[in-house]
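Peer 1: Generate coordinates for the sequence data below:
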Amino acid sequence: MMSAKATLTALLLAGSALAKDQCVPKGNCSDTSVISDYSTLRLREVGARNTLDWRVWLLRDGKPISFWHDVPTYPDESNHQVVNMVVEIPRWTNGKLEIKRDEPLNPIFHDEKKDLPRFVENVWPHKSYPFLYGSVPQTWESPNFDHEFTNFPGDNDPVDIIDIGDNVGYVGQVKQVKVLGGLALNDGDETDWKVLAIDVNDPLAPLVNSVEDVEKYRPGLTKTYYDWFTYYKVARGDDVIPIVGEKWQEKAFIIDVLEDSHGFWKELVGGKVDPNEINYNQTSVDSIDSFISRCKTNAEFDIPKKNAKKPAAPVPEKYTWWYYLDADYKLIELPKSS
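Peer 2: Presented below is the predicted three-dimensional model:
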């Protein structure tokens, strides 16, 4: 097993290799065929991590495309248990990174809270995010109606997904994962699905096909992650997040949820529903009005043509601290000295 230091080094090298402009494969930028060779994708990073100006774009043939609208949901349409995952947050990091829904081609950015970069506290025993965190492309949790299972509107984002495999991942990675189950969070009276999945290349993947299977080989993992999603915002002063149904939902149900969400996304990019300020320009389907040729994306959206990565800004000190909760998931605070 790789040490944490060696794993982090491998992570940084992989992300760096993908981001180098000189490694961009040459191709036909007018080609609108579905992505099939994911190794040809590259990243473009601009700005300093841990700041609000930082962005990461996805490239195909050296031209920016959308993480959200151009990567297919299913690598193989004949198998809906395997989906693509866009990694937004690597394991053991705490910057709240996500797809920017209202900017052209939806780059990954650092989310903000009160005009400052948002981070997640380290709630004992977890070093921030204990899994790879990201989203399923070409899905949408529509806020335009109350969803049947939760009775709440969607949160206006693609469906969230976590990878429980051993690889720590890197920002902007596009990987294939196998769906195992999921949770329905009621986060601020909005439906917020969290899909449980595993990288198809992980050694554990052939052995697990459900939440129950995970417990055979990783006892306590699903309970730990269930608890984490309920209390991870408590340290910042928020309440515990209720889980609709109070359990992990089965694989087959989650596959249906993703299929429905993919259908909502089709209505979104097709201009059939209220987009709620979402930018849904895409380079994949030239038969609908949201299409733009990726030959034109740099110029049309004034996207930087080269990497312009700067040294990362420091993480505020309070996000390096540990926070502790009692048995009722209340924050334990030390008595103030008189």
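Peer 1: Now the terminal residues of stretch 308-320, how far apart.
Peer 2: For stretch 308-320, the first-to-last residue distance is 27 Å (Cα to Cα, to the nearest Å).
Peer 1: let's number from 8 now, not from 1
Peer 2: All set: I'll call the first residue 8, so the last point we hit is now stretch 315-327.
Peer 1: Now do the closest residue to E110 other than its chain neighbours against L211, distance only.
Peer 2: Spatial nearest neighbour of E110, excluding adjacent residues (Cβ to Cβ, 6 or more residues apart in numbering): N286 at 5.9 Å. Glycine gets a C-beta too; all of them are placed from N, C-alpha and C. Using Cβ to Cβ, to the nearest Å, one gets 37 Å for the distance from N286 to L211.
Peer 1: which intervals of the stretch 8-157 of the chain have sub-threshold pLDDT?
Peer 2: Scanning the stretch 8-157 of the chain with the threshold set as pLDDT under 70 gives 8-33.
Peer 1: What ranges does it have for its strands?
Peer 2: 49-55, 62-67, 70-72, 89-96, 104-106, 115-117, 119-120, 123-124, 129-130, 139-142 (DSSP state E, counting those that start in this stretch).
Peer 1: What is the last one packed up against?
Peer 2: Helices and strands touching strand 139-142, by 3 or more Cβ pairs under 8 Å, 6 or more residues apart in numbering; DSSP states H and E, are strand 89-96, strand 167-170.
Peer 1: mind checking which of these is nearest V207?
Peer 2: V207 sits nearest to strand 89-96 of all those, at 6.1 Å, using Cβ to Cβ.
Peer 1: on that earlier part again, for the residue nearest to E110, give me phi and psi.
Peer 2: phi -90, psi 120 (degrees, to the nearest 10).
Peer 1: Quick check: it vs I339, distance?
Peer 2: Noted for N286: a distance of 42 Å to I339, by Cβ to Cβ.
Peer 1: Among the two, which residue is more densely surrounded?
Peer 2: The neighbour comparison of N286 against I339 (other Cβ atoms under 10 Å) goes to N286, with 18 against 9.
Peer 1: Quick check: pLDDT value at the more buried one.
Peer 2: With respect to pLDDT, N286 scores 97.
Peer 1: what do you get for the one 5 residues further on?
Peer 2: Looking at S291, its pLDDT reads 94.
Peer 1: Would you agree it is in contact with D77?
Peer 2: Yes - with contacts counted by Cβ atoms under 8 Å, S291 reaches D77, the gap being 4.9 Å.
Peer 1: Mind checking which of those two has more residues around it?
Peer 2: D77 (24 against 21).
Peer 1: any idea how far the more buried one lies from L187?
Peer 2: Going from D77 to L187 by Cβ to Cβ gives 26 Å.
Peer 1: repeat for D162
Peer 2: From D162 over to L187 the distance is 22 Å, taken as Cβ to Cβ.
Peer 1: quick one: which of those two has more around it?
Peer 2: More neighbours surround L187 than the other of D162 and L187, with 24 against 20 (other Cβ under 10 Å).
Peer 1: nearest residue to the more buried one other than its sequence neighbours?
Peer 2: L203 (4.8 Å).
Peer 1: So what pairs up with that neighbour in the strands?
Peer 2: I169, G188 (DSSP bridges).
Peer 1: Count the neighbours of it for me.
Peer 2: If we define neighbours as other Cβ under 10 Å, then L203 has 28 of them.
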